[in-house]
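*Asks:* Quick one, structure for this:
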Amino acid sequence: MTTEHDFFGALETDADGAIYWSETVEVGDQPVDVTVSSPGGQTVTLDGLDTAAGFVSSLDGLDLRAREAMLSDVDNRNSDVTSFIESTIEEVGDDLLEMLVDRSGDNDVDIIRSLQLVRVAIHPHQSGESAPFAAFEFAFDPDNSDLALVVSLSNRGESVGIELLE
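*Replies:* Down below sits the predicted model:
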């Protein structure tokens, strides 16, 4: 079966009803892998696909929202953001200052500003306001580290969780 959408075109579904779309999109000046997927057995509405299309078209602004969510967790010493920053500083060591995009003097803020958006996974079947509609994966040094922070946003673009991937 095929689902037609103005933005995504023909979306093929497998025998279980799963859908998948993938593209590399420029966000800022860097390529980002973007996927839209839904597992079989889940209902994907036209509104869900329209919202997903809006997310793909608004990645720059949503990237900023995700970074703001990370910044709001910096003061929580038990947060995954703080653990990520501490692990990054330990991994990078003396090379940290050279790797920062901006140097304000606040390493926590500077590390978040220097993160690279690596991947965005959008799940159009997640339609609830507190459901993780999109996952934004960030890394400080993606070529040399497995550490990543994933910020999940609702279909309204609000943070619903931040997770450290090691």
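*Asks:* which ones are touching the most centrally placed residue in the chain?
*Replies:* Nearest to the centroid of the C-alpha atoms of the chain, with distances taken as C-alpha atoms, centre = their mean, sits F136, at 0.5 Å. Contact analysis of F136 by C-beta atoms under 8 Å, 6 or more residues apart in numbering lists 62-63, 66, 117, 119-120, 150-153. C-beta: built from backbone N, CA, C; applies to glycine.
*Asks:* try 7 Å this time
*Replies:* Listed by C-beta atoms under 7 Å, 6 or more residues apart in numbering, the contact partners of F136 are 62-63, 66, 117, 120, 150-151, 153.
*Asks:* Run me through the strand neighbours of the one helix or strand it maps to, direction for each.
*Replies:* F136 is part of strand 134-139, with elements assigned from DSSP states H and E. Looking at strand 134-139 with DSSP bridges, its partner strands are strand 116-122 (antiparallel), strand 148-153 (antiparallel).
*Asks:* Reformat those strands as a markdown table; add mean neighbour count and distance to S58.
*Replies:* Formatted as a markdown table, the strands paired with strand 134-139 follow (neighbours: other C-beta atoms under 10 Å; distance: least, C-beta to C-beta, whole Å):
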| stretch | mean neighbour count | distance to S58 |
| --- | --- | --- |
| strand 116-122 | 20 | 11 |
| strand 148-153 | 22 | 11 |
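*Asks:* of the ones you listed, which approaches V27 most closely?
*Replies:* With C-beta to C-beta as the measure, strand 116-122 is the member of these nearest V27 (5.6 Å).
*Asks:* Pull the residues that contact the closest one.
*Replies:* Looking at strand 116-122 with C-beta under 7 Å, 6+ apart, the contacting residues turn out to be 27, 30, 32-37, 52, 55, 59, 63, 133-139, 142, 148.
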